[in-house]
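1. this one's structure only:
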Ligand SMILES: [Cu+2]
């Protein structure tokens, strides 16, 4: 795949992501919890694959941080929903996140070296942007429980920091 | 009150004030929601600063300038302690999330 089609595919994937987010009806707190857990799990899995595949120190450090940070967010989310006696539930958005994650893993597994690094990091850019959009347009506005809403608001800057970090690495891989 | 007593009281007050000035203080900076709170902290040489991480993932405190705070990764719910020695202004960041910025002023 050349760079332009790769970029177009990414943009299309990101657009499809946010369209799905907009099209679906307002999720309830159980579905929001399910979306948060799915979103973090997807990035933990990609990070673990990247840790084992990459030979680039910068990409490896980033992948390690993604596994650590997103595992921490998931642990906190699970602790909160346990306390609130909410069971994370599936929704269109959680399913599309998981599907997107699986497609990404399948694609990454066919790549090696610089091609792998580039595809992983480019996807991290699109993924973090899509999650920030979901937080802003769907998750934060619809969260009913005050603690759940506060957790989402507090965690948002981490996704922004990861997005900037991924963009920075993507630029250095060009 | 006699002159002598007055002098003694004054001397004691001076001593007390001196002790209050010299006693090193402990300050806490919370790391919460990807922010250092307070963002700018002023301390005196000898004071201790504790950064307490309330976020669910690690952060660090890394000043550019020598003599400023330079922590390892501070895990979720963990703390890191630093004793301020050299006067100066020490801007710092979390190198894991570079948008996180703070300043420690030792004066
Ligand atoms: Cu940080």
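-> Great, that's in hand. None of the values given here were measured: they were computed from a predicted structure.

2. which helices and strands does the helix or strand hosting residue A:130 pack with?
-> Per DSSP states H and E: residue A:130 is located in helix A:113-134. Other elements packing on helix A:113-134 under the criterion 3 or more CB pairs under 8 Å, 6 or more residues apart in numbering or on different chains; DSSP states H and E are helix A:3-23, helix A:29-53, helix A:57-83, helix A:92-108, helix A:146-173. C-beta here means a position set from N, CA and C on the backbone, and glycine is covered the same way.

3. buried stuff in that helix?
-> Residues A:116-134 are the ones in helix A:113-134 that count as buried (16 or more other CB atoms under 10 Å in any protein chain shown).

4. quick one: name the residues of chain B near the ion.
-> By the rule CB under 5 Å from the ion, the part of chain B lying against the ion is B:59, B:94, B:96, B:97, B:100.

5. ok, the residues you listed vs residue A:72, which is closest?
-> Using CB to CB, residue B:59 comes nearest to residue A:72 of the residues of chain B next to the ion, at 10.6 Å.

6. show me which residues of chain B are close to chain A?
-> Within chain B, the positions lying close to chain A (CB under 8 Å from any CB of the partner chain) are B:32-35, B:55-58, B:76, B:96-100.

7. which of those tops the neighbour count?
-> The most crowded member of the residues of chain B next to chain A is residue B:55, carrying 27 neighbours; neighbours defined as other CB atoms under 10 Å in any protein chain shown.

8. contact partners for the closest residue to residue A:140 other than its chain neighbours?
-> Spatial nearest neighbour of residue A:140, chain neighbours left out: residue A:152 (5.0 Å); criterion: CB to CB, 6 or more residues apart in numbering or on different chains. Counting by CB atoms under 8 Å, 6 or more residues apart in numbering or on different chains, residue A:152 makes contact with A:32, A:36, A:135, A:139, A:140, A:143.
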